[in-house]
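# model the structure of this input:
(chains A and B)
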Amino acid sequence: MTTNGHGMRARAADDAAMAGSHVVGMTDAPGVPKLATGIPGFDHVTMGGLPLARTTLLVGPAGSAKTVVAGQFLAEGVLRGQPGVFVTFEEPADDLRLNLSTLGWDIAGWEAADLWRFVDASPVAGTEQVEVGDYNFAGLVARIGHAVDQTAAQRVVIDSIGAVFGQFNDATMVRSQLHRLAVELRRMGLTVIITAEAGPAESGSVSRHGVEEFVADNVVILRNQLEDEKRRRTIEVLKLRGAMHRKGEYPFTVLPGQGVVVIPLSVMSLTQSSSDARLTTGNAQLDEMTNGGFFRDSIVLASGATGTGKTLMVTEFMAGGCEAGERCLFFAFEESRDQIFRNANGWGRDFHRYEQDGLLRLVASYPEVASLEDHLVEIKNEIDEFRPTRIAIDSLSALERIGTTKGFREFIIGLTSFVKAQSVAGVFTATTPALLGGSSITEGHISTLTDAIVLLRYVETYGEVRRGLTVLKMRGSQHDRDIREFLIDEKGMHVGQPFRDVAGILTGQVTNVDRGALPL
Amino acid sequence: MTFTAYVDGDEMARSVSRRLRELCDAQHVPAEIRVVDVGGEPQAAEESNVISVPTVVRESPRPRRRVIGALDDSRRVSAALGLDMYDGPAGVD
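The predicted structure follows:
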């Protein structure tokens, strides 16, 4: 068996980054050595971090969080024992110190401890400057060098290139001086991020001023797009010369007290282990239909119209876990905490007791209070903190309406891969728009990512509406293929006999079949 | 007039202060020049926000004036630093 040692180490670093633990020092991927930045998720996208002792250009339009990403690069460095220098040409250092502190970093404290320095090259109001001849940037180089010496800095940020050009008239001179600066910083062994404004789309140049051709072999692009009236931030590694990286756009979010969190998609798809262990569904008959319950580390989708019993199924799944002494985490996006507890009580499940025993945690929130990316980070944080054996989300459809189609799909991929990697069993619900039959949009996005699908349906028979349930698919397991009727009472769900006298339940085109007419 | 000239290295220090004195003499401006080598005094460059060298700051009379780049062009440098407008030391008529 051949194993790629480099790949394995990079993967381990990625996983550690995903789990929120600190990646210290350098990671060696094939090619150029890299410096793990520590920005959550970003080291996965870059496959280990930014090229060590090189300059990376961070390009994006106004409002794309360039300064925050660059600032976090330094902050994560300080937290890992690698001091940093922030060279600002735009915002005064006093403003930056204040703004970046809202992300939870004690920059003033770090300055006092010689772990962080500002080189404040922001324009001074009222200072008129006239260019009379040739010049070079030795002043800037000396100031950066001094700050680096004082702090023993390993990381440097220059924010932003556009503001440098704004301070000088001769663009050609500035370009050549920036090039010399980059060479000098490289000679000093510093890993550098330079921010730049995005160039106009028609120019064919990634950044305005076209500096990327000679300033940086490494280019990362930030975007902040409005799609369907919803904002979507993404980060993309355009090139890392001589080093591997992942391609494409990755969504990210900026959270107070936490900073930038990049959301890697389908990260752990290759490292998932499939477990044979089963967990009870919380319902004896459904356990039978699934041949012993859901697999641990599997994702189950419960789909049905409103009122078909999805929340009941989730409630039983949670209660079944608590009864078995497992920790259960319940994310409710449609109903309030009080409603959930009242419902559970009505079905004979005592959520209060489970909560007091520390086995159940209920997180109820409105989908609209945050973006999908924020919800995903929140869900991950809750899972990291509570360490549940099973989780439930009721419902995905409520989340779907706050994001774009693409954003929702990325959310689902990010969520399912994370949940599986934690060896957690998840039941997610999706609401079908039609009362009878039909499938939901949610289902279309998620069905291939799920391990099992349970359909809950209204069934109309001879002037009566009944409820039916079927296990549509279950990866790696035998399961009952009947569509069975179920009843709901104060003890919960009771699954009974298969429907034998109706057809077309799944499509919603129900026809009653008169059994008397059939040859016996 | 008093000036601070921010330079990089001895050679630039010599050429800039010689040239500045030359220009002042030509306009009959008494000049007091302080030379700061950014390599040796980076903190001074930080405090005055000096990015490029040479940078010459006219410290007095106020308001401060600031030119960057080599001082080859007599007319432009004199105009920018106000050497051509000099009408004697303050308080003396």
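
# which residue lies nearest the spatial centre of the chain?
Looking at chain A here, since you left the chain open. Geometric centre of chain A, nearest residue: A:Ile263, 3.2 Å, by Cα atoms, centre = their mean.

# wait, chain B
Central residue of chain B (Cα atoms, centre = their mean): B:Val56, at 3.6 Å.

# ok, now which ones touch it?
B:Phe3, B:Thr4, B:Ala5, B:Tyr6, B:Val16, B:Leu20, B:Arg66, B:Val67, B:Ile68, B:Leu71, B:Leu81 (Cβ atoms under 8 Å, 6 or more residues apart in numbering or on different chains). In short, each C-beta sits where N, CA and C put it, glycine included.

# show me those residues that map onto helices.
B:Val16, B:Leu20, B:Leu81 (DSSP state H).

# ok, back up a step: could you report the separation of the residue nearest to the centre of chain B from B:Gly40?
Distance of B:Val56 to B:Gly40, given as Cβ to Cβ, to the nearest Å: 18 Å.

# likewise for A:Ala324?
A:Ala324 sits 73 Å away from B:Gly40, taking Cβ to Cβ as the criterion.

# quick check: which ranges of chain A have low pLDDT?
A:1-31, A:200-216, A:228-229, A:265-275, A:435-445, A:508, A:513-520 (pLDDT under 70).

# around chain B, pick out the residues from it.
Residues of chain A lying close to chain B by Cβ under 8 Å from any Cβ of the partner chain are A:119-122, A:124, A:127-140, A:142-143, A:145-147, A:167-168, A:177.

# would you mind checking those residues for buried ones?
Among those, the ones that count as buried by 16 or more other Cβ atoms under 10 Å in any protein chain shown are A:119-122, A:129-132, A:135-140, A:142-143, A:145-147, A:167-168, A:177.

# in helices, which of those residues appear?
Reading helices off these with DSSP H, I get A:Ala138, A:Gly139, A:Leu140, A:Ala142, A:Arg143, A:Gly145, A:His146, A:Ala147, A:Gln167, A:Gln177.

# show me which residues of chain B sit near chain A.
Near chain A, when you scan chain B using Cβ under 8 Å from any Cβ, you find B:6, B:8, B:38-39, B:42-43, B:45-46, B:49-55, B:64-73, B:76-77, B:80.

# for PyMOL, what selects the buried ones among these?
Applying 16+ other Cβ under 10 Å to the residues of chain B next to chain A, the buried members can be selected in PyMOL as follows:
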select buried, chain B and resi 6+8+38+39+42+45+46+49+50+51+52+53+54+55+65+66+67+68+69+70+71+76+77+80
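
# tell me if I am right that the residue nearest to the centre of chain B is in a strand.
Yes - counting by DSSP: H, G, I helix; E, B strand; the rest coil, B:Val56 falls inside a strand.

# distance of it from B:Ala44?
The gap separating B:Val56 from B:Ala44 is 14 Å, by Cβ to Cβ.

# and if you look at B:Ala13?
Remark: distance between B:Ala13 and B:Ala44 (Cβ to Cβ) = 14 Å.

# what residues are bridge-paired with the nearest residue to A:Gln129 once chain neighbours are set aside?
In this structure, A:Gln129 finds its nearest non-sequential neighbour in B:Arg66, 4.8 Å apart by Cβ to Cβ, 6 or more residues apart in numbering or on different chains. Beta bridges link B:Arg66 to A:Gln129, B:Val57, judged by DSSP bridges.

# how about the contacts made by B:Arg66?
Neighbour list for B:Arg66: A:Thr127, A:Glu128, A:Gln129, A:Val130, B:Thr55, B:Val56, B:Val57, B:Arg58 [criterion: Cβ under 8 Å, 6+ apart].

# strands of the stretch 1-150 of chain A, residue ranges please.
Listed in chain order, the strands found in the stretch 1-150 of chain A under DSSP state E, counting those that start in this stretch are A:26-27, A:34-35, A:50-51, A:55-60, A:84-88, A:116-120, A:129-131.

# just put these in a markdown table and tack on distance to A:Pro251.
Conversion of the strands of the stretch 1-150 of chain A to a markdown table gives the following (distance: least, Cβ to Cβ, whole Å):
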| stretch | distance to A:Pro251 |
| --- | --- |
| strand A:26-27 | 23 |
| strand A:34-35 | 22 |
| strand A:50-51 | 20 |
| strand A:55-60 | 14 |
| strand A:84-88 | 26 |
| strand A:116-120 | 29 |
| strand A:129-131 | 42 |
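
# what's the closest of the ones you listed to A:Leu255?
Among the strands of the stretch 1-150 of chain A, strand A:55-60 comes nearest to A:Leu255, with 18.3 Å by Cβ to Cβ.

# sheet partners, orientation included, of the closest one?
Assessed with DSSP bridges, strand A:55-60 is paired to strand A:191-197 (parallel), strand A:218-227 (parallel).

# as TSV, those with distance to A:Arg296 and mean neighbour count would be great.
TSV is the format used below for the strands paired with strand A:55-60 (distance: least, Cβ to Cβ, whole Å; neighbours: other Cβ atoms under 10 Å in any protein chain shown):
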stretch	distance to A:Arg296	mean neighbour count
strand A:191-197	42	26
strand A:218-227	37	18
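
# any chance of these in TSV, plus distance to A:Arg233?
Converted to TSV, the strands paired with strand A:55-60 look like this (distance: least, Cβ to Cβ, whole Å):
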stretch	distance to A:Arg233
strand A:191-197	15
strand A:218-227	5
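
# what sits against A:Glu90?
Taking Cβ under 8 Å, 6+ apart as the criterion, A:Glu90 is in contact with A:Thr67, A:Ser122, A:Asp159, A:Ser160, A:Gly162, A:Ala163.

# sorry, back to before: I'd assumed A:Tyr250 was in contact with the residue nearest to the centre of chain A.
Yes - with contact defined as Cβ atoms under 8 Å, A:Ile263 reaches A:Tyr250; the gap is 6.2 Å.

# give me the common contacts of the two.
Contact criterion Cβ under 8 Å, 6+ apart; residues bridging A:Ile263 and A:Tyr250 by contacting each: A:Gly41.

# phi and psi next, for the residue nearest to the centre of chain A.
phi -100, psi 100 (degrees, to the nearest 10).

# distance to A:His375 for the contacts of B:Arg66 - can I get that in CSV?
Shown next, in CSV, are the contacts of B:Arg66 (distance: Cβ to Cβ, whole Å):
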residue, distance to A:His375
A:Thr127, 47
A:Glu128, 50
A:Gln129, 49
A:Val130, 54
B:Thr55, 52
B:Val56, 57
B:Val57, 54
B:Arg58, 59
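
# what residues does stretch A:142-155 touch?
So stretch A:142-155 is in contact with A:35, A:73-74, A:77, A:82-85, A:87, A:114-119, A:121, A:156, A:185, A:188-193, B:8, B:38-39, B:42-43, B:45-46, B:50, going by Cβ under 8 Å, 6+ apart.

# may I have the beta-bridge partners of A:Leu279?
A:Phe294.

# against chain B, how distant is it?
62 Å (Cβ to the nearest Cβ, to the nearest Å).

# pretty sure that residue contacts A:Glu326?
Yes - at 7.3 Å, A:Leu279 and A:Glu326 qualify as touching, with contact defined as Cβ under 8 Å.

# what about those two, which has more around it?
Legend: neighbour count by other Cβ atoms under 10 Å in any protein chain shown for A:Leu279 and A:Glu326, higher for A:Leu279 (22 against 18).

# so B:Ile33 bridges to which residues?
Beta bridges link B:Ile33 to B:Phe3, judged by DSSP bridges.

# tell me, how many residues neighbour it?
B:Ile33: 16 surrounding residues under other Cβ under 10 Å.
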